[in-house]
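K.L.:
build me a model:
(chains A, B, C and D)
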Protein chains: 2
Amino acid sequence: MASRSDTKTRILDAAEKLFAERGFSETSLRLITSKAEVNLASVNYHFGSKKELIRAVLARYLDVFMPAASTEIKRLDAVPTQATLEEILSSLVAPLLDLNQLRTEGTTIFLQLLGRGYIESQGHLRWFITTHYGQHLDAFVRAVSASAPHIPPAEMFWRLHFTLGTIVFTMASADALNDIAAAEFGEHNDIEAVIRKVIPYMAAGVSVPVSPQ
Amino acid sequence: MASRSDTKTRILDAAEKLFAERGFSETSLRLITSKAEVNLASVNYHFGSKKELIRAVLARYLDVFMPAASTEIKRLDAVPTQATLEEILSSLVAPLLDLNQLRTEGTTIFLQLLGRGYIESQGHLRWFITTHYGQHLDAFVRAVSASAPHIPPAEMFWRLHFTLGTIVFTMASADALNDIAAAEFGEHNDIEAVIRKVIPYMAAGVSVPVSPQ
DNA sequence: GTTTAATTTAAACGAGTGTTTTAAATTAAT
DNA sequence: ATTAATTTAAAACACTCGTTTAAATTAAAC
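P.N.:
Numbers count the residues shown, from 1 in each chain, chains lettered A, B, ... in the order given. Sure, this is the predicted structure:
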(Lines give C-alpha, C1' and ligand atoms only; values in the text may rest on other atoms or scores of the structure.)
Protein backbone atom coordinates (compact mmCIF):
# COMPACT_ATOMS: atom_id res chain seq x y z
CA MET A 1 0.00 0.00 0.00
CA ALA A 2 2.32 2.65 -1.28
CA SER A 3 4.66 3.68 1.45
CA ARG A 4 4.04 7.35 1.63
CA SER A 5 7.01 8.98 -0.06
CA ASP A 6 6.74 7.07 -3.32
CA THR A 7 3.13 7.96 -3.97
CA LYS A 8 4.35 10.81 -6.12
CA THR A 9 6.59 8.43 -8.03
CA ARG A 10 3.85 5.87 -8.46
CA ILE A 11 1.60 8.55 -9.91
CA LEU A 12 4.32 9.83 -12.25
CA ASP A 13 5.18 6.32 -13.43
CA ALA A 14 1.60 5.41 -14.17
CA ALA A 15 0.82 8.79 -15.69
CA GLU A 16 3.72 8.90 -18.13
CA LYS A 17 2.91 5.47 -19.48
CA LEU A 18 -0.76 6.29 -19.99
CA PHE A 19 -0.10 9.78 -21.31
CA ALA A 20 2.37 8.41 -23.84
CA GLU A 21 0.08 5.75 -25.21
CA ARG A 22 -3.31 7.54 -25.20
CA GLY A 23 -2.59 11.25 -24.93
CA PHE A 24 -3.12 13.71 -22.13
CA SER A 25 -6.77 14.62 -22.35
CA GLU A 26 -7.76 11.04 -23.13
CA THR A 27 -6.21 9.92 -19.86
CA SER A 28 -8.30 10.55 -16.76
CA LEU A 29 -6.91 11.01 -13.31
CA ARG A 30 -9.05 8.12 -12.18
CA LEU A 31 -7.34 5.80 -14.66
CA ILE A 32 -3.93 7.01 -13.54
CA THR A 33 -4.61 6.61 -9.84
CA SER A 34 -6.15 3.19 -10.27
CA LYS A 35 -3.13 1.96 -12.26
CA ALA A 36 -0.83 3.52 -9.68
CA GLU A 37 -2.92 2.06 -6.88
CA VAL A 38 -3.15 5.36 -5.06
CA ASN A 39 -6.06 7.54 -4.10
CA LEU A 40 -7.60 9.89 -6.62
CA ALA A 41 -7.18 12.99 -4.47
CA SER A 42 -3.45 12.45 -4.05
CA VAL A 43 -2.85 13.78 -7.54
CA ASN A 44 -4.23 17.15 -6.62
CA TYR A 45 -2.52 17.01 -3.26
CA HIS A 46 0.93 16.30 -4.69
CA PHE A 47 0.73 18.16 -7.98
CA GLY A 48 -2.07 20.69 -7.59
CA SER A 49 -3.76 19.99 -10.89
CA LYS A 50 -3.68 17.73 -13.91
CA LYS A 51 -1.86 20.39 -15.92
CA GLU A 52 0.95 20.49 -13.38
CA LEU A 53 1.09 16.70 -13.33
CA ILE A 54 1.62 16.72 -17.08
CA ARG A 55 4.42 19.23 -16.69
CA ALA A 56 5.99 17.19 -13.88
CA VAL A 57 5.93 14.06 -16.01
CA LEU A 58 7.72 15.85 -18.82
CA ALA A 59 10.12 17.67 -16.52
CA ARG A 60 11.37 14.40 -15.06
CA TYR A 61 12.73 13.51 -18.49
CA LEU A 62 13.67 16.95 -19.71
CA ASP A 63 15.75 17.67 -16.60
CA VAL A 64 17.90 14.67 -17.46
CA PHE A 65 17.88 14.77 -21.22
CA MET A 66 18.37 18.47 -21.91
CA PRO A 67 21.63 18.96 -20.00
CA ALA A 68 22.98 15.69 -21.42
CA ALA A 69 22.07 16.80 -24.92
CA SER A 70 23.64 20.20 -24.34
CA THR A 71 26.84 18.54 -23.19
CA GLU A 72 27.02 16.58 -26.40
CA ILE A 73 26.40 19.69 -28.48
CA LYS A 74 29.10 21.59 -26.60
CA ARG A 75 31.49 18.72 -27.14
CA LEU A 76 30.93 18.97 -30.88
CA ASP A 77 31.24 22.75 -30.76
CA ALA A 78 34.63 22.41 -29.12
CA VAL A 79 36.02 20.44 -32.04
CA PRO A 80 37.62 22.78 -34.61
CA THR A 81 36.14 21.02 -37.65
CA GLN A 82 32.51 21.74 -38.36
CA ALA A 83 30.35 18.77 -37.42
CA THR A 84 28.06 17.27 -40.04
CA LEU A 85 24.32 17.21 -39.56
CA GLU A 86 24.37 13.47 -39.13
CA GLU A 87 27.01 13.80 -36.45
CA ILE A 88 24.92 16.37 -34.59
CA LEU A 89 21.77 14.28 -34.71
CA SER A 90 23.71 11.14 -33.83
CA SER A 91 25.21 12.85 -30.80
CA LEU A 92 21.72 12.94 -29.29
CA VAL A 93 21.26 9.20 -29.58
CA ALA A 94 23.30 8.43 -26.48
CA PRO A 95 21.38 10.88 -24.24
CA LEU A 96 18.16 9.49 -25.64
CA LEU A 97 19.10 5.87 -25.05
CA ASP A 98 20.36 6.72 -21.58
CA LEU A 99 16.75 7.47 -20.68
CA ASN A 100 16.15 3.76 -20.95
CA GLN A 101 18.26 3.10 -17.90
CA LEU A 102 16.48 5.90 -16.10
CA ARG A 103 13.17 4.12 -16.55
CA THR A 104 11.78 1.15 -18.46
CA GLU A 105 11.17 2.17 -22.08
CA GLY A 106 12.23 5.66 -21.10
CA THR A 107 13.38 6.62 -24.57
CA THR A 108 10.16 5.68 -26.28
CA ILE A 109 7.98 7.20 -23.61
CA PHE A 110 9.91 10.45 -23.59
CA LEU A 111 9.67 10.93 -27.34
CA GLN A 112 6.01 10.00 -27.37
CA LEU A 113 5.28 12.47 -24.57
CA LEU A 114 7.10 15.19 -26.46
CA GLY A 115 4.97 14.57 -29.49
CA ARG A 116 1.73 14.50 -27.57
CA GLY A 117 2.71 17.71 -25.88
CA TYR A 118 3.34 19.49 -29.11
CA ILE A 119 0.20 18.23 -30.78
CA GLU A 120 -2.33 18.39 -27.98
CA SER A 121 -1.40 21.41 -25.97
CA GLN A 122 -3.00 24.75 -26.58
CA GLY A 123 0.27 26.39 -25.71
CA HIS A 124 0.98 25.82 -22.06
CA LEU A 125 3.37 22.95 -22.72
CA ARG A 126 5.14 24.73 -25.54
CA TRP A 127 5.55 27.69 -23.23
CA PHE A 128 6.78 25.47 -20.42
CA ILE A 129 9.40 23.80 -22.58
CA THR A 130 10.72 26.88 -24.30
CA THR A 131 10.96 28.94 -21.12
CA HIS A 132 12.54 26.18 -19.04
CA TYR A 133 14.79 24.60 -21.62
CA GLY A 134 15.07 27.31 -24.24
CA GLN A 135 18.81 27.70 -23.86
CA HIS A 136 19.42 24.03 -24.67
CA LEU A 137 17.13 24.23 -27.66
CA ASP A 138 18.89 27.33 -28.90
CA ALA A 139 22.28 25.64 -28.69
CA PHE A 140 20.93 22.74 -30.70
CA VAL A 141 19.36 24.99 -33.31
CA ARG A 142 22.59 26.98 -33.61
CA ALA A 143 24.65 23.81 -34.07
CA VAL A 144 22.30 22.47 -36.73
CA SER A 145 22.20 25.83 -38.52
CA ALA A 146 26.00 26.04 -38.55
CA SER A 147 26.19 22.60 -40.12
CA ALA A 148 23.86 23.68 -42.92
CA PRO A 149 24.74 27.34 -43.53
CA HIS A 150 23.06 27.30 -46.93
CA ILE A 151 19.64 27.03 -45.27
CA PRO A 152 18.12 30.40 -44.27
CA PRO A 153 16.85 30.66 -40.67
CA ALA A 154 13.18 30.76 -41.58
CA GLU A 155 13.57 27.68 -43.76
CA MET A 156 15.50 25.97 -40.98
CA PHE A 157 12.65 26.71 -38.57
CA TRP A 158 10.27 24.79 -40.77
CA ARG A 159 12.62 21.91 -41.41
CA LEU A 160 13.34 21.43 -37.74
CA HIS A 161 9.64 21.17 -37.11
CA PHE A 162 9.29 18.73 -39.97
CA THR A 163 11.99 16.76 -38.20
CA LEU A 164 10.17 16.94 -34.91
CA GLY A 165 7.10 15.55 -36.64
CA THR A 166 9.08 12.75 -38.20
CA ILE A 167 10.67 11.55 -34.99
CA VAL A 168 7.61 12.04 -32.85
CA PHE A 169 5.23 10.20 -35.14
CA THR A 170 7.74 7.43 -35.69
CA MET A 171 8.22 6.88 -31.99
CA ALA A 172 4.51 7.02 -31.32
CA SER A 173 3.93 4.14 -33.72
CA ALA A 174 7.32 2.46 -33.39
CA ASP A 175 5.91 -0.60 -31.67
CA ALA A 176 3.24 -1.19 -34.29
CA LEU A 177 5.66 -0.49 -37.12
CA ASN A 178 8.22 -2.88 -35.68
CA ASP A 179 5.61 -5.61 -35.54
CA ILE A 180 4.70 -5.06 -39.18
CA ALA A 181 8.35 -4.90 -40.25
CA ALA A 182 9.04 -8.15 -38.43
CA ALA A 183 6.12 -9.94 -40.06
CA GLU A 184 6.62 -8.46 -43.51
CA PHE A 185 10.40 -8.31 -43.89
CA GLY A 186 11.72 -10.48 -41.08
CA GLU A 187 13.33 -7.44 -39.52
CA HIS A 188 13.67 -7.28 -35.77
CA ASN A 189 14.50 -3.75 -34.76
CA ASP A 190 14.79 -2.28 -31.32
CA ILE A 191 14.26 1.38 -30.60
CA GLU A 192 17.89 2.21 -31.28
CA ALA A 193 17.73 0.62 -34.72
CA VAL A 194 14.72 2.74 -35.59
CA ILE A 195 16.47 5.88 -34.41
CA ARG A 196 19.48 4.99 -36.54
CA LYS A 197 17.21 4.54 -39.53
CA VAL A 198 15.47 7.85 -39.12
CA ILE A 199 18.58 9.98 -38.67
CA PRO A 200 19.75 9.81 -42.31
CA TYR A 201 16.20 10.57 -43.42
CA MET A 202 16.01 13.68 -41.26
CA ALA A 203 19.55 14.81 -42.03
CA ALA A 204 18.89 14.59 -45.76
CA GLY A 205 15.66 16.55 -45.44
CA VAL A 206 17.09 19.30 -43.27
CA SER A 207 20.09 19.95 -45.48
CA VAL A 208 18.60 19.52 -48.94
CA PRO A 209 19.25 22.72 -50.94
CA VAL A 210 16.33 25.12 -51.06
CA SER A 211 14.80 24.76 -54.49
CA PRO A 212 14.95 28.01 -56.46
CA GLN A 213 11.59 29.13 -57.77
CA MET B 1 -33.17 29.68 -38.79
CA ALA B 2 -31.52 27.06 -40.94
CA SER B 3 -33.89 26.10 -43.66
CA ARG B 4 -34.31 22.46 -42.99
CA SER B 5 -32.53 20.66 -45.79
CA ASP B 6 -29.16 22.31 -45.21
CA THR B 7 -28.96 21.45 -41.55
CA LYS B 8 -26.67 18.55 -42.43
CA THR B 9 -24.41 20.84 -44.40
CA ARG B 10 -24.35 23.47 -41.67
CA ILE B 11 -23.29 20.79 -39.19
CA LEU B 12 -20.58 19.42 -41.49
CA ASP B 13 -19.23 22.89 -42.23
CA ALA B 14 -19.04 23.89 -38.60
CA ALA B 15 -17.70 20.50 -37.52
CA GLU B 16 -14.85 20.29 -40.01
CA LYS B 17 -13.60 23.74 -39.07
CA LEU B 18 -13.66 23.00 -35.35
CA PHE B 19 -12.29 19.48 -35.74
CA ALA B 20 -9.38 20.78 -37.80
CA GLU B 21 -8.37 23.49 -35.39
CA ARG B 22 -8.91 21.75 -32.02
CA GLY B 23 -9.06 18.05 -32.72
CA PHE B 24 -11.93 15.60 -32.59
CA SER B 25 -12.27 14.79 -28.94
CA GLU B 26 -11.61 18.38 -27.91
CA THR B 27 -14.61 19.49 -29.92
CA SER B 28 -17.99 18.95 -28.33
CA LEU B 29 -21.23 18.49 -30.21
CA ARG B 30 -22.61 21.44 -28.30
CA LEU B 31 -19.91 23.68 -29.67
CA ILE B 32 -20.51 22.41 -33.18
CA THR B 33 -24.27 22.87 -33.06
CA SER B 34 -24.05 26.31 -31.52
CA LYS B 35 -21.64 27.47 -34.24
CA ALA B 36 -23.86 25.88 -36.86
CA GLU B 37 -26.94 27.41 -35.21
CA VAL B 38 -28.79 24.14 -35.18
CA ASN B 39 -30.22 22.03 -32.42
CA LEU B 40 -27.93 19.70 -30.48
CA ALA B 41 -30.01 16.62 -31.18
CA SER B 42 -29.89 17.15 -34.93
CA VAL B 43 -26.37 15.71 -35.03
CA ASN B 44 -27.56 12.38 -33.76
CA TYR B 45 -30.66 12.62 -35.93
CA HIS B 46 -28.72 13.19 -39.15
CA PHE B 47 -25.51 11.28 -38.45
CA GLY B 48 -26.34 8.82 -35.69
CA SER B 49 -23.30 9.52 -33.54
CA LYS B 50 -20.26 11.71 -33.21
CA LYS B 51 -18.03 8.99 -34.65
CA GLU B 52 -20.12 8.85 -37.80
CA LEU B 53 -20.08 12.63 -38.04
CA ILE B 54 -16.29 12.53 -37.98
CA ARG B 55 -16.26 9.96 -40.74
CA ALA B 56 -18.77 11.98 -42.77
CA VAL B 57 -16.62 15.09 -42.44
CA LEU B 58 -13.57 13.22 -43.71
CA ALA B 59 -15.45 11.35 -46.43
CA ARG B 60 -16.66 14.61 -47.94
CA TYR B 61 -13.01 15.40 -48.72
CA LEU B 62 -11.64 11.93 -49.37
CA ASP B 63 -14.32 11.17 -51.95
CA VAL B 64 -13.07 14.12 -53.97
CA PHE B 65 -9.36 13.97 -53.27
CA MET B 66 -8.59 10.28 -53.57
CA PRO B 67 -9.86 9.77 -57.13
CA ALA B 68 -8.20 13.00 -58.22
CA ALA B 69 -4.91 11.90 -56.67
CA SER B 70 -5.18 8.49 -58.32
CA THR B 71 -5.74 10.16 -61.67
CA GLU B 72 -2.53 12.13 -61.25
CA ILE B 73 -0.57 9.02 -60.31
CA LYS B 74 -1.95 7.16 -63.32
CA ARG B 75 -1.01 10.08 -65.55
CA LEU B 76 2.59 9.85 -64.34
CA ASP B 77 2.56 6.08 -64.75
CA ALA B 78 1.51 6.49 -68.36
CA VAL B 79 4.56 8.58 -69.22
CA PRO B 80 7.43 6.34 -70.47
CA THR B 81 10.14 8.15 -68.46
CA GLN B 82 10.27 7.32 -64.78
CA ALA B 83 8.91 10.19 -62.68
CA THR B 84 11.09 11.63 -59.95
CA LEU B 85 10.03 11.49 -56.33
CA GLU B 86 9.47 15.23 -56.27
CA GLU B 87 7.31 14.97 -59.35
CA ILE B 88 5.20 12.29 -57.72
CA LEU B 89 4.73 14.25 -54.54
CA SER B 90 4.16 17.48 -56.46
CA SER B 91 1.51 15.83 -58.59
CA LEU B 92 -0.65 15.66 -55.48
CA VAL B 93 -0.48 19.40 -54.91
CA ALA B 94 -3.06 20.24 -57.56
CA PRO B 95 -5.68 17.82 -56.19
CA LEU B 96 -4.94 19.22 -52.76
CA LEU B 97 -5.32 22.83 -53.79
CA ASP B 98 -8.47 22.02 -55.75
CA LEU B 99 -10.09 21.34 -52.41
CA ASN B 100 -9.95 25.06 -51.82
CA GLN B 101 -12.57 25.68 -54.46
CA LEU B 102 -14.66 22.91 -52.99
CA ARG B 103 -14.86 24.81 -49.69
CA THR B 104 -13.21 27.78 -48.04
CA GLU B 105 -9.76 26.79 -46.78
CA GLY B 106 -10.57 23.27 -47.93
CA THR B 107 -6.93 22.26 -48.40
CA THR B 108 -5.84 23.31 -44.95
CA ILE B 109 -8.83 21.79 -43.28
CA PHE B 110 -8.49 18.49 -45.15
CA LEU B 111 -4.83 18.02 -44.31
CA GLN B 112 -5.32 19.01 -40.71
CA LEU B 113 -8.22 16.60 -40.42
CA LEU B 114 -6.06 13.83 -41.88
CA GLY B 115 -3.35 14.59 -39.35
CA ARG B 116 -5.76 14.71 -36.46
CA GLY B 117 -7.27 11.47 -37.64
CA TYR B 118 -4.01 9.61 -37.70
CA ILE B 119 -2.82 10.98 -34.40
CA GLU B 120 -6.00 10.93 -32.37
CA SER B 121 -7.88 7.94 -33.61
CA GLN B 122 -7.88 4.73 -31.71
CA GLY B 123 -8.17 2.87 -34.96
CA HIS B 124 -11.60 3.45 -36.36
CA LEU B 125 -10.42 6.24 -38.67
CA ARG B 126 -7.34 4.34 -39.82
CA TRP B 127 -9.56 1.42 -40.58
CA PHE B 128 -12.09 3.62 -42.34
CA ILE B 129 -9.45 5.18 -44.58
CA THR B 130 -7.53 2.04 -45.50
CA THR B 131 -10.63 -0.03 -46.26
CA HIS B 132 -12.38 2.68 -48.24
CA TYR B 133 -9.41 4.17 -50.06
CA GLY B 134 -6.73 1.46 -49.84
CA GLN B 135 -6.44 0.99 -53.60
CA HIS B 136 -5.50 4.62 -54.10
CA LEU B 137 -2.89 4.37 -51.35
CA ASP B 138 -1.39 1.25 -52.94
CA ALA B 139 -0.98 2.95 -56.30
CA PHE B 140 0.82 5.80 -54.58
CA VAL B 141 3.20 3.48 -52.74
CA ARG B 142 4.01 1.61 -55.96
CA ALA B 143 4.78 4.84 -57.77
CA VAL B 144 7.07 6.10 -55.02
CA SER B 145 8.92 2.78 -54.83
CA ALA B 146 9.50 2.78 -58.57
CA SER B 147 11.00 6.26 -58.39
CA ALA B 148 13.60 5.17 -55.82
CA PRO B 149 14.60 1.65 -56.86
CA HIS B 150 17.82 1.84 -54.86
CA ILE B 151 15.82 1.73 -51.62
CA PRO B 152 15.04 -1.83 -50.50
CA PRO B 153 11.38 -2.53 -49.72
CA ALA B 154 11.94 -2.81 -45.98
CA GLU B 155 13.76 0.50 -45.89
CA MET B 156 11.07 2.09 -48.04
CA PHE B 157 8.46 0.85 -45.59
CA TRP B 158 10.13 2.80 -42.82
CA ARG B 159 10.74 5.89 -44.87
CA LEU B 160 7.17 6.12 -46.07
CA HIS B 161 6.06 6.05 -42.48
CA PHE B 162 8.61 8.69 -41.60
CA THR B 163 7.05 10.72 -44.39
CA LEU B 164 3.57 10.10 -43.10
CA GLY B 165 4.70 11.38 -39.74
CA THR B 166 6.26 14.45 -41.25
CA ILE B 167 3.23 15.54 -43.21
CA VAL B 168 0.71 14.59 -40.57
CA PHE B 169 2.45 16.36 -37.73
CA THR B 170 3.16 19.41 -39.86
CA MET B 171 -0.42 19.77 -40.95
CA ALA B 172 -1.85 19.16 -37.52
CA SER B 173 0.24 22.01 -36.15
CA ALA B 174 0.37 24.13 -39.28
CA ASP B 175 -1.63 26.98 -37.77
CA ALA B 176 0.52 27.19 -34.65
CA LEU B 177 3.72 26.97 -36.70
CA ASN B 178 2.49 29.63 -39.10
CA ASP B 179 1.79 31.95 -36.17
CA ILE B 180 5.30 31.45 -34.82
CA ALA B 181 6.87 31.87 -38.25
CA ALA B 182 4.94 35.10 -38.73
CA ALA B 183 6.02 36.49 -35.36
CA GLU B 184 9.60 35.27 -35.59
CA PHE B 185 10.51 35.77 -39.24
CA GLY B 186 7.75 37.98 -40.60
CA GLU B 187 6.77 35.12 -42.88
CA HIS B 188 3.14 34.83 -43.87
CA ASN B 189 2.69 31.44 -45.42
CA ASP B 190 -0.47 29.91 -46.68
CA ILE B 191 -0.97 26.19 -46.75
CA GLU B 192 0.40 25.88 -50.28
CA ALA B 193 3.66 27.49 -49.19
CA VAL B 194 3.99 24.96 -46.38
CA ILE B 195 3.27 22.09 -48.75
CA ARG B 196 5.90 23.35 -51.17
CA LYS B 197 8.36 23.56 -48.31
CA VAL B 198 7.78 20.06 -47.03
CA ILE B 199 7.93 18.26 -50.37
CA PRO B 200 11.71 18.67 -50.94
CA TYR B 201 12.30 17.66 -47.33
CA MET B 202 10.35 14.44 -47.70
CA ALA B 203 11.70 13.67 -51.17
CA ALA B 204 15.28 14.03 -49.95
CA GLY B 205 14.65 11.82 -46.95
CA VAL B 206 12.91 9.05 -48.84
CA SER B 207 15.55 8.79 -51.54
CA VAL B 208 18.76 9.33 -49.55
CA PRO B 209 21.08 6.34 -50.11
CA VAL B 210 21.02 3.78 -47.35
CA SER B 211 24.16 4.26 -45.30
CA PRO B 212 26.35 1.16 -45.35
CA GLN B 213 27.25 -0.16 -41.89
C1' DG C 1 -57.60 20.25 -46.38
C1' DT C 2 -56.52 16.35 -43.86
C1' DT C 3 -53.40 12.89 -43.00
C1' DT C 4 -48.87 11.22 -42.86
C1' DA C 5 -44.10 11.53 -42.60
C1' DA C 6 -39.89 14.08 -41.78
C1' DT C 7 -37.58 17.31 -39.16
C1' DT C 8 -36.64 20.38 -35.29
C1' DT C 9 -36.95 21.52 -30.56
C1' DA C 10 -36.38 21.52 -25.47
C1' DA C 11 -35.47 18.80 -21.73
C1' DA C 12 -33.59 15.23 -19.35
C1' DC C 13 -30.56 11.04 -18.72
C1' DG C 14 -26.59 8.63 -17.28
C1' DA C 15 -21.93 8.47 -17.28
C1' DG C 16 -17.56 10.65 -16.87
C1' DT C 17 -14.55 14.60 -15.81
C1' DG C 18 -11.24 17.54 -12.59
C1' DT C 19 -11.40 19.35 -8.22
C1' DT C 20 -12.59 20.22 -3.29
C1' DT C 21 -13.90 19.00 1.18
C1' DT C 22 -13.88 16.63 5.45
C1' DA C 23 -12.13 13.33 8.26
C1' DA C 24 -9.07 9.63 9.43
C1' DA C 25 -4.62 7.67 9.54
C1' DT C 26 0.15 7.87 9.46
C1' DT C 27 4.62 9.91 10.16
C1' DA C 28 7.79 13.30 12.22
C1' DA C 29 9.01 16.51 15.80
C1' DT C 30 8.79 18.18 20.38
C1' DA D 1 4.13 10.41 25.02
C1' DT D 2 2.15 14.27 23.17
C1' DT D 3 1.74 17.45 19.66
C1' DA D 4 2.09 18.98 15.07
C1' DA D 5 2.55 18.24 10.22
C1' DT D 6 2.00 15.43 6.48
C1' DT D 7 -0.28 12.00 3.85
C1' DT D 8 -4.17 9.03 2.63
C1' DA D 9 -9.01 8.05 2.24
C1' DA D 10 -13.94 8.42 0.95
C1' DA D 11 -17.39 11.20 -0.53
C1' DA D 12 -19.42 14.85 -2.68
C1' DC D 13 -19.42 18.92 -5.85
C1' DA D 14 -20.05 21.21 -9.98
C1' DC D 15 -19.56 20.62 -14.56
C1' DT D 16 -19.32 18.69 -19.38
C1' DC D 17 -20.00 15.07 -22.35
C1' DG D 18 -22.72 12.11 -25.99
C1' DT D 19 -27.07 10.37 -26.35
C1' DT D 20 -32.10 9.70 -25.90
C1' DT D 21 -36.88 10.92 -25.35
C1' DA D 22 -41.12 12.95 -26.37
C1' DA D 23 -43.53 16.82 -27.90
C1' DA D 24 -43.86 20.56 -31.34
C1' DT D 25 -43.30 22.07 -35.83
C1' DT D 26 -42.77 21.87 -40.69
C1' DA D 27 -43.11 19.69 -45.21
C1' DA D 28 -45.11 16.19 -48.29
C1' DA D 29 -48.67 13.14 -49.92
C1' DC D 30 -53.06 12.07 -50.84
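
K.L.:
off-centre distance for the helix or strand where residue A:61 lies?
P.N.:
Using DSSP states H and E, residue A:61 sits in helix A:50-78. Helix A:50-78 sits 9 Å away from the centroid of its parent chain (Cα atoms, centre = their mean, to the nearest Å).

K.L.:
which parts of the helix or strand bottoming out on mean pLDDT in chain A are buried?
P.N.:
Lowest mean confidence among the helices and strands of chain A (mean pLDDT, DSSP states H and E): helix A:174-185, at a mean of 83. Buried residues in helix A:174-185, counted by 16 or more other Cβ atoms under 10 Å in any protein chain shown: A:174, A:177, A:178, A:181. All C-beta atoms are positioned from the backbone trio N, CA, C, and that covers glycine.

K.L.:
residue A:191 and residue A:177 touch, don't they?
P.N.:
No - using Cβ atoms under 8 Å, residue A:191 is not in contact with residue A:177; the gap is 11.1 Å.

K.L.:
so what sits against both of these two?
P.N.:
Common contacts of residue A:191 and residue A:177 (Cβ atoms under 8 Å, 6 or more residues apart in numbering or on different chains): none found.

K.L.:
got any ranges where chain A has weak pLDDT?
P.N.:
Applying pLDDT under 70 to chain A flags the ranges A:1-5, A:121-123, A:212-213.

K.L.:
residue boundaries of the helices in it?
P.N.:
Here chain A has its helices, by DSSP state H, at A:7-22, A:29-36, A:41-47, A:50-78, A:85-91, A:93-102, A:106-120, A:124-147, A:153-172, A:174-185, A:191-207.

K.L.:
and the second one, what does it pack onto?
P.N.:
Counting by 3 or more Cβ pairs under 8 Å, 6 or more residues apart in numbering or on different chains; DSSP states H and E, the packing neighbours recorded for helix A:29-36 are helix A:7-22, helix A:41-47.

K.L.:
now do the first one
P.N.:
Using 3+ Cβ pairs under 8 Å, 6+ apart as the contact definition, the elements that helix A:7-22 packs against are helix A:29-36, helix A:41-47, helix A:50-78, helix A:106-120.

K.L.:
hang on, the earlier thing: hmm, the helix holding residue A:61 touching chain B?
P.N.:
No - using Cβ under 8 Å from any Cβ of the partner chain, helix A:50-78 never reaches chain B; the gap is at least 14.5 Å.

K.L.:
for that helix, name the packing helices and strands.
P.N.:
Looks like helix A:50-78 contacts helix A:7-22, helix A:41-47, helix A:85-91, helix A:93-102, helix A:106-120, helix A:124-147 (3+ Cβ pairs under 8 Å, 6+ apart).

K.L.:
nearest to DNA strand C, out of those?
P.N.:
With Cβ to the nearest atom of the strand, the closest approach to DNA strand C among those belongs to helix A:41-47: 3.7 Å.

K.L.:
what's the angle from the least confident helix or strand of chain A to helix A:106-120?
P.N.:
Helix A:174-185 runs at 110 degrees relative to helix A:106-120, counting by axes from the mean of the first three to the mean of the last three Cα atoms, to 10 degrees.

K.L.:
what does helix A:174-185 contact?
P.N.:
Around helix A:174-185, the neighbours that count as contacts under Cβ under 8 Å, 6+ apart are A:108, A:170, A:187, A:188, A:189, A:191, A:194, B:153, B:154, B:157, B:158, B:161.

K.L.:
repeat that for 6 Å
P.N.:
When contacts are defined by Cβ atoms under 6 Å, 6 or more residues apart in numbering or on different chains, helix A:174-185 is touched by residues A:187, A:188, A:189, A:194, B:154, B:161.

K.L.:
export those to JSON lines and tack on neighbour count and distance to DNA strand C?
P.N.:
Formatted as JSON lines, those follow (neighbours: other Cβ atoms under 10 Å in any protein chain shown; distance: Cβ to the nearest atom of the strand, whole Å):
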{"residue": "A:187", "neighbour count": "16", "distance to DNA strand C": "37"}
{"residue": "A:188", "neighbour count": "9", "distance to DNA strand C": "36"}
{"residue": "A:189", "neighbour count": "18", "distance to DNA strand C": "34"}
{"residue": "A:194", "neighbour count": "21", "distance to DNA strand C": "31"}
{"residue": "B:154", "neighbour count": "15", "distance to DNA strand C": "39"}
{"residue": "B:161", "neighbour count": "20", "distance to DNA strand C": "30"}
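
K.L.:
now flag whichever of these is closest to DNA strand D.
P.N.:
Using Cβ to the nearest atom of the strand, residue B:161 comes nearest to DNA strand D of these, at 29.9 Å.
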